[in-house]
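Could you look at this predicted model? Sequence included:
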Amino acid sequence: MPRSITAICLDIGEKRIGVAVGDSDVRIAVPFDTIDVDGTEIETIAEVLLKEKADVLVIGYPRNQSGESTAQSKFVEQFAAKLADVAPNIVFQDESLTSVIAEQQLAAYGRPYKKADIDAQAAAIILQDYLEANYA
């Protein structure tokens, strides 16, 4: 039986990065944290990858409604390039509408939430899509 794969997912924004964690056995992604974009984010991501013993880093990839790359896609690609030295294996996963879905899910809980909660929840949705597509 193949060993379990631990995956960390990033929903990269210009102010914050949503983080989620999951594995290939359980195939359930959970919101983990958010990281402020303040100049220490690469270091912080490296620490999370090490602490969680990540095998793969999934990065949400933005596209427009036609499925084409956008200016935000280029930003995410450039950010991902900075992670090449610290991430074991980087893969991109479509993130279309995940922030909208994340906000709807959080609102349905009936509790107050912050913008950072939306980012972490969106990362979990992206990671869940990745796990279901690759380990079902």
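Perfect, thanks for sending it. Numbering: from 1, shown residues only.

Could you point out the helix or strand that follows the host helix or strand of residue 75?
Secondary structure from DSSP states H and E places residue 75 in helix 71-82. Using DSSP H and E, the helix or strand that directly follows helix 71-82 along the chain is strand 90-94.

Do I have it right that residue 33 meets residue 120?
Yes. With contact defined as CB atoms under 8 Å, residue 33 and residue 120 form a contacting pair (6.3 Å). C-beta here means a position set from N, CA and C on the backbone, and glycine is covered the same way.

These two - which one has more neighbours?
residue 120 (25 against 15; other CB atoms under 10 Å).

The closest residue to the more buried one other than its chain neighbours: neighbour count?
With sequence-adjacent residues excluded and distances taken as CB to CB, 6 or more residues apart in numbering, residue 120 is closest to residue 31, at 3.6 Å. By the criterion of other CB under 10 Å, residue 31 has 24 neighbours.

And the pLDDT for residue 31?
In this model, residue 31 is scored at 97, pLDDT.

Tell me how far it lies from residue 3.
The gap separating residue 31 from residue 3 is 25 Å, by CB to CB, to the nearest Å.

remind me which residues of the protein are low pLDDT?
1-2 (pLDDT under 70).

how does it look with 90?
1-3, 64-68, 88, 96-97, 136 (pLDDT under 90).

can you point me to the longest helix in it?
helix 115-135 (DSSP state H).

In terms of secondary structure, what does that one contact?
Contacts defined by 3 or more CB pairs under 8 Å, 6 or more residues apart in numbering; DSSP states H and E place helix 115-135 against strand 6-12, strand 16-23, strand 30-36, strand 56-61, strand 90-94, helix 98-108.

List the contacts of the fifth one.
Under the criterion CB atoms under 8 Å, 6 or more residues apart in numbering, residues 9, 56-61, 63, 76, 80, 83-84, 126-127, 129-130, 133 lie in contact with strand 90-94.
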